[in-house]
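J.: sharing a model that was predicted from the sequence below.
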Amino acid sequence: MVYVGVVGYGTIGKRIADAILKQDDMKLVGIAKTKPDYEAYIATSKGMNIYTIPNKIKLFEEKGIKVKGVIEDLVTKCDVIIDATPASIGMRNKDQYYLKYNTKVIFQGGEKAEVADVSFVAQANYEEAIGKRFIRVVSCNTTGISRIVAAFRDNGLEIDKIRVFIIRRGADPKESGKGPINDILLNPPTLPSHHAFDVKTVIPNIDILTMAIAVPETLMHLHMVYIMFKKPISREHVMDILYKTPRIITLRADMGFKSIAQVVEWARDIGRTRYDVPENIIFEESVTVQDKELFLFMAIHQESIVVPENIDAIRASLNMLPKWSSIRKTDASLGLVQEGKKYG
Ligand code: NAD
């Protein structure tokens, strides 16, 4: 049994904590939070132990929330810490807490790549992360792009270059103070966007360019993907790879999937907690092949896509299971759509 702690219990951290509770080879020791808010009550109601920073203990106690200790106590009790704090706090925590102990740490994509020994997407480079002390699970868009690149690479389709045009959600649903609310932001105004560099931290030898805009919605990101392969390809071959690759689902327009809102509705209807969609969603009819070129629409759920990656990163860091055994175990435990299953 592996003992895991989650530092930072926000959008990503709370999902990872729930996912750890579903693993039979991991035990959630506790979560670390800085605010005694409703999320702290929910964590307590799920039986999670709460840790915080020293000057916040009193605040929690005033609200009747029992605190088990400070972050350092949590770190000393765990084999692995998941740091899901906001960008750059992870690096600070590394200096302040993690370097003092032997605990392994999984950071998130908001941190600079330098925070870790390896940047990670399970399907792309699980083996590189085996035994590593510090692992960074890359951001949502980078995870989605790396998954499809790895799928083609591992099935003999050599990519010449990939270009991804990303329509980013303006904010997460809970981020009421963020925007845009009536604009389309160049995000960033310079090219390429950071996603291209980030994919290269996982798959170094790839010719990739990305550009991104942010729009007024909170549901998912939408990617317009263009890939040029080294040799002519067939649509059947591409579809076969997409169908059989875990963590990729194809949804059909003629079954009603013509927008990201409909993907979210599907997730609600099948009972996904928080309407999470950790799989890449490929809109099937958009998959178009012309000789060596491939075009497609792909939706990425920013709040949940990195959750299975974090579970696999824990197993890789402690060399608990080989790559595909970990991926399949994670997917089964979290109820992801199993490979080979066509939707619609
Ligand atoms: P968030 O703001 O929703 O959650 C972060 C939580 O950490 C908050 O509850 C905050 O109060 C808490 N926190 C702040 N300082 C802390 C400290 N010192 N100790 C303990 N807790 C502390 O952020 P998020 O969206 O979950 O992002 C977390 C990380 O995941 C970032 O690196 C981000 O880039 C990455 N990420 C986010 C998304 C997304 O779309 N939300 C997707 C992929 C990756």
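T.: Yep, it's here.

J.: am I right that residue 235 is in contact with residue 288?
T.: Yes. Contact criterion Cβ atoms under 8 Å: residue 235 and residue 288 qualify, at 7.5 Å. (Each C-beta comes from the backbone N, C-alpha and C, glycine too.)

J.: residues near residue 42, how many?
T.: 12 (other Cβ atoms under 10 Å).

J.: tell me the SS of it?
T.: helix (DSSP: H, G, I helix; E, B strand; the rest coil).

J.: dump the residue contacts of it.
T.: Residues near residue 42 by Cβ atoms under 8 Å, 6 or more residues apart in numbering: residue 14.

J.: apart from its chain neighbours, what residue comes closest to the residue of the chain found nearest the ligand?
T.: Of all residues in the chain, residue 10 sits closest to the ligand, at 1.7 Å by Cβ to the nearest ligand atom. Distances taken as Cβ to Cβ, 6 or more residues apart in numbering place residue 84 nearest to residue 10, at 6.7 Å, with adjacent residues excluded.

J.: contacting residues around that neighbour?
T.: Applying Cβ under 8 Å, 6+ apart, the residues near residue 84 are 6-10, 12-13, 16, 108.

J.: next, give phi and psi for it.
T.: For residue 84, the backbone dihedrals (degrees, to the nearest 10) come out as phi -120, psi 40.

J.: need the max-distance pair from the contacts of residue 84.
T.: By the measure Cβ to Cβ, those have their two most distant members at 9 and 108, which lie 12.7 Å apart.

J.: dump stretch 211-227 to CSV, keeping only the CA atoms.
T.: Output of stretch 211-227 as CSV, limited to C-alpha atoms (Å, rounded to 0.1, in the frame of the first residue of the first chain):
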residue,chain,number,x,y,z
MET,A,211,-1.7,29.1,-31.2
ALA,A,212,-4.5,29.8,-28.8
ILE,A,213,-7.4,32.1,-28.1
ALA,A,214,-9.6,32.3,-25.0
VAL,A,215,-13.4,32.6,-25.3
PRO,A,216,-16.3,33.3,-23.0
GLU,A,217,-17.2,29.7,-21.9
THR,A,218,-16.2,27.5,-19.0
LEU,A,219,-17.0,23.9,-20.2
MET,A,220,-14.0,22.6,-22.2
HIS,A,221,-11.2,23.5,-24.6
LEU,A,222,-11.6,22.8,-28.3
HIS,A,223,-8.6,22.0,-30.5
MET,A,224,-8.5,22.2,-34.2
VAL,A,225,-5.7,19.7,-35.0
TYR,A,226,-3.7,19.5,-38.2
ILE,A,227,-1.1,16.8,-38.6
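
J.: can I get stretch 111-130 in CSV, CA atoms only?
T.: Extracted in CSV, the C-alpha atoms of stretch 111-130 (Å, rounded to 0.1, in the frame of the first residue of the first chain):
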residue,chain,number,x,y,z
GLU,A,111,4.8,24.8,-12.6
LYS,A,112,7.8,25.4,-14.8
ALA,A,113,9.3,22.1,-16.3
GLU,A,114,12.4,22.7,-14.2
VAL,A,115,10.5,21.9,-11.0
ALA,A,116,10.7,18.2,-11.9
ASP,A,117,13.0,15.5,-13.2
VAL,A,118,10.5,14.7,-16.0
SER,A,119,7.4,16.1,-17.5
PHE,A,120,4.7,13.4,-17.8
VAL,A,121,1.9,12.0,-19.9
ALA,A,122,1.3,8.4,-19.2
GLN,A,123,0.7,7.2,-22.7
ALA,A,124,3.6,9.2,-24.1
ASN,A,125,6.5,8.6,-21.6
TYR,A,126,5.5,6.5,-18.6
GLU,A,127,8.8,4.6,-18.6
GLU,A,128,10.9,7.8,-18.4
ALA,A,129,9.2,8.6,-15.1
ILE,A,130,9.8,5.2,-13.4
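
J.: what comes up buried for that stretch?
T.: Residues of stretch 111-130 classed as buried by neighbour count (16 or more other Cβ atoms under 10 Å): 111, 113, 115-116, 118-126, 129-130.
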